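**Student:** Here you go, sequence then predicted model.
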Amino acid sequence: MPADGDQRDIDRYLDAVWLEKGLSRNTLASYRRDLSLFACWLNDEGSCLLRADRTLLRRHLDWRLQARLKSSSTARLLSCLRGFYRYWLREERIGEDPTLQIDSPRRGRPLPKTLTEEDVERLLAAPAPDEPLGLRDRAMLEVLYATGVRVSELVGLTRGQLNLRQGLIRVFGKGSKERLVPLGEEAADWLQRYLQQARPLLAQAGSEVLFPSRLGQQMARQTFWHRIKRHALEAGIDKPLSPHVLRHAFATHLVNHGADLRVVQMLLGHSDLSTTQIYTHVARQRLQSLHREHHPRG
């Protein structure tokens, strides 16, 4: 555990960024974890968060390198520390930001793991729609693939965010940013069927949760992800899955079929187009594969 002074400084900073940026609970928990681990390392070195200088920070980065920690986690820590020290510099508790002139570690741009369109069709067909939980899972998978929402956004949906008449859902993403995402006819049809046949059997009276758990409460993301992995096994999909796999499939298949990257950016809720541009690499890889397979000189 960090020293009491460090803990108070972390709490105050997280309260401030929550008010200023409306960060999600998951993001705040990630910031708290990174800051607490760094504070504990500093305590072992006889220092604390607001006394750390650039030399100590470089030593910590060297330690992470020797420990073979992922460059992505180190980059995330540096991003968190930059925000933390800028806040305390603004509050005049420190005289210099120790993260200045420290570069983030270079990270490759790994292509997101995804599923083929045939894989997705088999996955969507895996839940048993004649059972309430199976029909709920089918509706959730259809919405996930049709909209590209994050799993956390999906399980947090309420009935008030759904407009079947217009075929839209209102999604509140990172930083409480709001976006409207079209459902498509197939997902809307499965949602209509689910609302009529299964949700009344699952939801508690007066509950606004769109996709309640077996106990009638809001489902945890981990619970739904276990359900996805179970359905993938039933569908015979022997590929590594991650919580973003259907989100990646949604974006990849849109780009493969010619969707404009700006549209994909808006649908995914990315604030920066550069985050979305990775899907052009996925599409390019697909084109190269098709060229090798079908061109006489491929």
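**Tutor:** Okay, I see it.
**Student:** residue ranges with poor pLDDT in the stretch 101-250 of the chain?
**Tutor:** Applying pLDDT under 70 to the stretch 101-250 of the chain picks out residues 104-113, 174-176, 242-243.
**Student:** quick one, helices of it?
**Tutor:** Assigned by DSSP state H, counting those that start in this stretch, the stretch 101-250 of the chain shows helices spanning 117-124, 132-147, 151-155, 185-197, 199-202, 221-234, 245-256.
**Student:** Next one, pLDDT for the closest residue to residue 18 other than its chain neighbours please.
**Tutor:** Computed as C-beta to C-beta, 6 or more residues apart in numbering, the closest residue to residue 18 that is not its neighbour in sequence is residue 28, at 6.2 Å. (Each C-beta comes from the backbone N, C-alpha and C, glycine too.) For residue 28, the model assigns a pLDDT of 90.
**Student:** From what I see, residue 28 and residue 15 are in contact.
**Tutor:** No. With contact defined as C-beta atoms under 8 Å, residue 28 does not reach residue 15; the gap is 9.4 Å.
**Student:** okay, those two: which has more neighbours?
**Tutor:** For residue 28 versus residue 15, neighbours defined as other C-beta atoms under 10 Å are more numerous around residue 28 (15 against 11).
**Student:** buried residues in the helix or strand the more buried one falls within?
**Tutor:** If you go by DSSP states H and E, residue 28 is part of helix 25-44. By neighbour count on 16 or more other C-beta atoms under 10 Å, the buried set for helix 25-44 is 27, 31-32, 34-36, 38-39, 41-42.
**Student:** what's the answer for stretch 65-83, then?
**Tutor:** If you call a residue buried by 16+ other C-beta under 10 Å, then stretch 65-83 has these buried ones: 74, 77-78, 80-83.
**Student:** can I get the residues you listed in TSV with secondary structure and distance to residue 240?
**Tutor:** TSV is the format used below for the buried residues of stretch 65-83 (DSSP: H, G, I helix; E, B strand; the rest coil; distance: C-beta to C-beta, whole Å):
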residue	secondary structure	distance to residue 240
74	helix	24
77	helix	26
78	helix	28
80	helix	28
81	helix	31
82	helix	32
83	helix	32
